[in-house]
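*Asks:* Generate a structure from the sequence data that follows.
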Amino acid sequence: MRTTVMTMTAGAVAIVLALGIYRAGAASAPPTPTAQAQEEQRGGISVSSEGTVEAKPDTAHINLGFMAENASVAVAHQQAAEQMDAVVQRITALGVAAKDMQTANYSIYRDQERKVFVVSNDVRVVIRDIQASSKLLDGAVAAGANSVSGISFTIEDRAALEKQAREKAMQNAREKAVELARLGDVTLGTLIAITESAHSGPIPYDEAMGRSAAVDVATPVKPGELTVRMSVNVTYAIEQ
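*Replies:* Have a look, this model is predicted:
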């Protein structure tokens, strides 16, 4: 009876050892690489390219304000408030909506050398009718604005332009990759990676502004054109 028990125990140990060896072998086996990992191991062709589209801006942004100086801070504050109210009323009458006006700066400081308080009040204005920009600027100055700065131009809805620029960027990238494959005497494979970035910003307006309303010439406004850029980085596999 003892011999039978010992034989069964030895058999059980053998089975356990066999299972352990099987499991250890399974754990140490390397994972099957993904298709992308295989492509990266074989190398590829990576290129950067950009596409551009030019278009006229449809929106302008500008800071309009008033700066008052007085030995009394209360008087300076009152002057600035009254003049800015007049400016806001004028540009509102010229078609600027309340949602397109936002206070950009309000400050009070004392000029120690001249012993006066300086109060500045500025609003950031969005002009959605660029053709009316000149009239609006002259109207604001006539209403009392003595600070005009930071005019820039943008495109409100850039989605369609970005799509065109993206298509050009991808086409340019493909042409580059084909040329590199030819020069390298290899066969261009499938596209395996894409990243993109957009570049464009408002165009600053540097020409001097702020003419007196008494001058019988309108303030010149030249919006020019904006360039919308889309850049892409792409990687193609190399067929073996």
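*Asks:* For stretch 224-236, which residues meet the burial criterion?
*Replies:* Neighbour counts using 16 or more other Cβ atoms under 10 Å place Leu226, Val228, Arg229, Met230, Ser231, Val232, Val234, Thr235, Tyr236 of stretch 224-236 among the buried residues. For glycine as for every other residue, the C-beta is placed from the backbone atoms N, C-alpha and C.
*Asks:* mind listing what Ile238 touches?
*Replies:* Residues in contact with Ile238 (Cβ atoms under 8 Å, 6 or more residues apart in numbering) are Arg42, Gly43, Gly44, Ile45, Ala181, Val186, Thr187, Leu188, Gly189.
*Asks:* Within the helices and strands, which one has the fifth one?
*Replies:* When secondary structure is defined by DSSP states H and E, Ala181 falls within helix 159-183.
*Asks:* Can you show me the strands along this protein?
*Replies:* Applying DSSP state E to the chain gives strands spanning 44-55, 59-70, 101-111, 116-127, 147-154, 187-199, 203-204, 226-239.
*Asks:* Tell me which two of the buried residues of stretch 224-236 sit farthest apart.
*Replies:* Greatest spacing in the buried residues of stretch 224-236, by Cβ to Cβ: Leu226 and Tyr236 (31.8 Å).
*Asks:* Just checking the distance from stretch 73-85 to the centre of its chain.
*Replies:* From the chain centre to the centre of stretch 73-85 is a distance of 37 Å (Cα atoms, centre = their mean, to the nearest Å).
*Asks:* Kindly reformat the buried residues of stretch 224-236 as CSV and extend each row with pLDDT and distance to Ile127.
*Replies:* As requested, those are arranged in CSV below (pLDDT from 0 to 100; distance: Cβ to Cβ, whole Å):
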residue, pLDDT, distance to Ile127
Leu226, 91, 15
Val228, 92, 20
Arg229, 93, 24
Met230, 95, 27
Ser231, 96, 30
Val232, 97, 34
Val234, 97, 39
Thr235, 97, 44
Tyr236, 97, 46
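*Asks:* wait, which of those is closest to Lys163?
*Replies:* Met230 (8.7 Å).
*Asks:* This protein - how does it break down into domains?
*Replies:* As recorded under automatic domain parsing, the domains making up the chain are 2-30, 34-56+156-240, 59-154.
*Asks:* which one of these is the most hemmed in?
*Replies:* domain 59-154 (a mean of 17; mean count of other Cβ atoms under 10 Å).
*Asks:* Quick one: mean pLDDT for that domain?
*Replies:* Across domain 59-154, the average pLDDT comes to 94.
*Asks:* gap between the two ends of that domain?
*Replies:* Start-to-end span of domain 59-154 (Cα to Cα, to the nearest Å) is 5 Å.
*Asks:* same check, this time on stretch 138-153
*Replies:* One end of stretch 138-153 sits 18 Å from the other (Cα to Cα).
*Asks:* any idea how far that stretch is from the chain center?
*Replies:* 27 Å.
*Asks:* now stretch 168-188
*Replies:* Taking Cα atoms, centre = their mean, one finds stretch 168-188 lying 29 Å from the centre of the chain it belongs to.
*Asks:* Ok, stretch 227-236 next?
*Replies:* The answer for stretch 227-236 is 15 Å, by Cα atoms, centre = their mean.
*Asks:* which residues touch Ser133?
*Replies:* Contacts for Ser133 (Cβ under 8 Å, 6+ apart) come out as Ala60, Ile62, Ile127, Val221, Pro223.
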